[in-house]
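# Okay, here's the prediction I keep looking at, along with the sequence it came from:
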Amino acid sequence: MNLKFHFTSFRHWFFTLTMIILFFSCKDDSTGKITKSDDVPGLTSFTFMTKENNALYQDIVFKKQADNSFEATVVYEVVLENIIATFDYKGNAKIEGKNIISEKTALTFPDEFVIQFDNKHVIFRVNRYYTIPTMYINTADNVGVTSKIDYVKCQIRIDGKNMFEDFTTEEADSAEIRGRGNSTWLYYDKKPYRIKLGSKTEILGMGESKSWVLLANYRDPTNFMNAIVFDMARYMQMPYTNTNRFVEVYLDDEYIGMYQFTEQIQQGKYRVEIDQSAGVILNLDLDDGPDYSPGTGDNFFSSVYELPVSVKYPEEQTPAQLDAIKADFAEIEQYIKNRDFTKLSKRLDINSMIDFLIIQEMTRNVELVSPRSMYMYKSVDNIYHFGPVWDFDGGFSFDWASMTIGHNYFGSQSWLMGSSNPSAHPSSAYNYIPGFFVNMFGNDDFLAAYKARWKELAPGLLNYCYTRLDDNVLHCETAMANNAKRWPIGKDYKTEIERMKTWLTTRASNYSNVVKNY
């Protein structure tokens, strides 16, 4: 008998049996799934590195757990497809029978996967979560922001959370910040801000620009009124509608809450992209008009309806240029006063006017009366357009009687333009809306176009907006809780969001009957 042969065969049989036992001891008896990780000497790091993966904005680092598994925390937006892993194990590595070579093999990784390192198995888990970016602003010498007129130098850093590319200013003087707003700056502790960069830059996936805005939304108990209106305009495909990102902000190392980071309304490639020589941007706004801002040299009362008009572009005008803009705008006013659909359609994008008015009515934005923050622009073809839409925390049936101390919304469902034809200035309308906005309802062609547009929009408008709103709520849940702790207003944001949905749903449903009566 060859004892050497039998001993060698026994040793091989024993090793094989041991490996089978070890393999099945790590698996669930019913599913065959690996449920326990082995300790793998020589495996100390496992990452998805940005240098190997252009789709990532930040490295994803897996950390070893007490049970020998590895875990990483990743936002839902990150897609682990065609991605390359980097690890320090020198032996053979496989996933589902496929060899993996560090820094070379591109694979799709599920949120839980097992890698076999030679004869051992390790479980890897990707824990998903919702979040929003964080912005850190530090003013020079920590002087803070006390003026909405004078800028102060600052440095800015943004953690994009792997949803967007991180951002940082490269030099101490490459960014400036000041306050902004009117009542929002004057009456409320949580302040809005304007940011100006030294050069045009893309931030958080939004088109490059120097000028940016941080909206505080302090009056708004839902945090999302302006955002949902932007989404209404987006659904209507109104040009140059603001994009926005929600961010948590630290100013001089102090947490100041959740903000809506968005674009400044201005002429530019990624803003209101009108011709530099022929384009015009107007803001129909009482605060920017001659009454409240005399002597600025950029405003006037319109000739026909005496509206307060501020010229936002061109940014500087000679008196002659201002007079020319006033005279040109008067032509539009006169066509509206005459209810002349044919002539008006040659100088005004009537579809944009209809969409603009539907948004004002849907949100019961009573600032149409003043008016405030009602933007228009003129394109190179000499046609005026309504938009972009802006500033709606005075809508949604806001209780103006408690403006400085209250955050009370979603009360009255009365109609902004009235329950019958708006051109007749019905007694059921809110206060008195300038004829510039409602006189065209006295024209049959305009009225037919308005009714047809509402019929087209009604079935899908709010569904689109609610989908976007729900996504914002998911991502902002932690930030809203932090913001509510920092700025308590005596309102539960979850309740207020649901109240806003209910109020809008009721309003849209009832408006279909109102439009029939126009």
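Good, I have the coordinates.

# Contact partners for Arg507?
362, 364, 413 (CB atoms under 8 Å, 6 or more residues apart in numbering). Where you see a C-beta, it was placed from the backbone N, CA and C, and this is true even at glycine.

# rerun that using 10 Å as the cut-off
Listed by CB atoms under 10 Å, 6 or more residues apart in numbering, the contact set of Arg507 reads 361-364, 396-397, 410, 413, 415, 462, 514.

# from those, which would you call buried?
Neighbour counting with 16 or more other CB atoms under 10 Å marks 361-364, 396-397, 410, 415, 462, 514 as buried within the contacts of Arg507.

# Show me these that map onto helices.
361-362, 462, 514 (DSSP state H).

# closest to Glu331 among these?
Glu331 lies nearest to Glu361 out of these, by CB to CB, at 26.4 Å.

# wait, doesn't the closest one sit right on Phe396?
No: judged on CB atoms under 10 Å, Glu361 makes no contact with Phe396 at a distance of 12.0 Å.

# quick revisit: Throw the ones in helices among the buried ones among the contacts of Arg507 into JSON lines and include pLDDT and distance to Lys161, thanks.
Shown next, in JSON lines, are those (pLDDT from 0 to 100; distance: CB to CB, whole Å):
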{"residue": "Glu361", "pLDDT": "98", "distance to Lys161": "37"}
{"residue": "Met362", "pLDDT": "98", "distance to Lys161": "33"}
{"residue": "Leu462", "pLDDT": "98", "distance to Lys161": "29"}
{"residue": "Val514", "pLDDT": "97", "distance to Lys161": "44"}
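
# from these, which single one is nearest Met258?
Looking across those and measuring by CB to CB, the closest to Met258 is Leu462, at 23.8 Å.

# Can you name the residues that contact that closest one?
228, 231-232, 235, 362, 469, 501, 504-505, 507-509 are the contacts of Leu462 under CB under 10 Å, 6+ apart.

# Mind checking which of these are in helices?
Per DSSP H, the contacts of Leu462 map to helices at 228, 231-232, 235, 362, 469, 501, 504-505, 507-509.

# gap between Ile84 and Phe109?
If you measure Ile84 against Phe109 using CB to CB, to the nearest Å, the figure is 10 Å.

# which residues of this protein score low on pLDDT?
Applying pLDDT under 70 to the chain flags the ranges 1-32, 171-173.

# Pick out the most distant pair among the buried ones among the contacts of Arg507.
Top of the distance list for those (CB to CB): Phe410 and Val514, 18.5 Å.

# returning to what we had before: now distance to Gln260 too, for the buried ones among the contacts of Arg507, in a markdown table please.
A markdown table is the format used below for the buried ones among the contacts of Arg507 (distance: CB to CB, whole Å):
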| residue | distance to Gln260 |
| --- | --- |
| Glu361 | 23 |
| Met362 | 20 |
| Thr363 | 16 |
| Arg364 | 21 |
| Phe396 | 16 |
| Ser397 | 21 |
| Phe410 | 20 |
| Trp415 | 28 |
| Leu462 | 20 |
| Val514 | 31 |
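
# Phi, psi for the closest residue to Met500 other than its chain neighbours please.
Using CB to CB, 6 or more residues apart in numbering and skipping residues adjacent in sequence, the residue nearest Met500 is Thr222, 5.1 Å away. Main-chain torsions, Thr222, degrees, to the nearest 10: phi -90, psi -20.

# What are the boundaries of the helices in the stretch 201-350 of the chain?
225-235, 319-337, 341-345, 350-362 (DSSP state H, counting those that start in this stretch).

# mind checking which of those is nearest Ser102?
The nearest among the helices of the stretch 201-350 of the chain, by CB to CB, is helix 225-235 at 42.8 Å.

# Pull out the buried residues from that closest one.
225-233, 235.

# Pick the one among these closest to Phe356.
Scanning the buried residues of helix 225-235 for proximity to Phe356, where the rule is CB to CB, the winner is Ala233, at 8.6 Å.

# circling back: looking at the buried ones among the contacts of Arg507, spot the one nearest Met135.
Out of the buried ones among the contacts of Arg507, the member with the shortest distance to Met135 (by CB to CB) is Phe396, at 26.8 Å.

# gap between that closest one and Asp285?
20 Å.

# again with Asp252
For Asp252, the distance to Asp285 - CB to CB - is 32 Å.

# what's the nearest residue to Ile195 if we skip its chain neighbours?
Trp212 (4.4 Å).

# wouldn't that neighbour be in contact with Thr243 here?
No: taking contacts as CB under 10 Å, Trp212 lies outside contact range of Thr243: 11.3 Å.

# what touches both of those two?
With CB under 10 Å, 6+ apart as the test, Trp212 and Thr243 both reach 204, 206, 261-263.

# Dump these to TSV, plus distance to Asp150 and neighbour count.
Listed next are the shared contacts of Trp212 and Thr243 as TSV, based on distance: CB to CB, whole Å; neighbours: other CB atoms under 10 Å:
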residue	distance to Asp150	neighbour count
Leu204	26	21
Met206	26	18
Phe261	22	23
Thr262	22	20
Glu263	22	22
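
# Show me those residues that map onto strands.
Assigned to strands by DSSP state E, the following of the shared contacts of Trp212 and Thr243 qualify: 206, 261-263.

# Ramachandran angles for Gln155?
phi -110, psi 140.

# beta partners for it?
Counting by DSSP bridges, Gln155 is bridged to Asn138.

# Any idea how many residues pack against it?
17 (other CB atoms under 10 Å).

# Tell me which residues touch the residue nearest to Ile195, please.
With CB under 10 Å, 6+ apart, Trp212 has these contacts: 156, 175, 177, 193-197, 201, 203-204, 206, 261-264.

# Show me which pair in the residues you listed is furthest apart.
Ile177 and Met206 (17.7 Å).

# Contact partners for Gln360?
229, 366-368, 371, 374, 386, 389, 392, 395, 416-417, 433, 437.

# And for Asn463, the neighbour number?
Counted with other CB under 10 Å, Asn463 comes out at 10.

# Ignore what I typed, I meant Lys210.
16.

# With adjacent residues omitted, what lies nearest to it?
What sits nearest to Lys210 in space, not counting adjacent residues and going by CB to CB, 6+ apart, is Leu197, at 4.8 Å.
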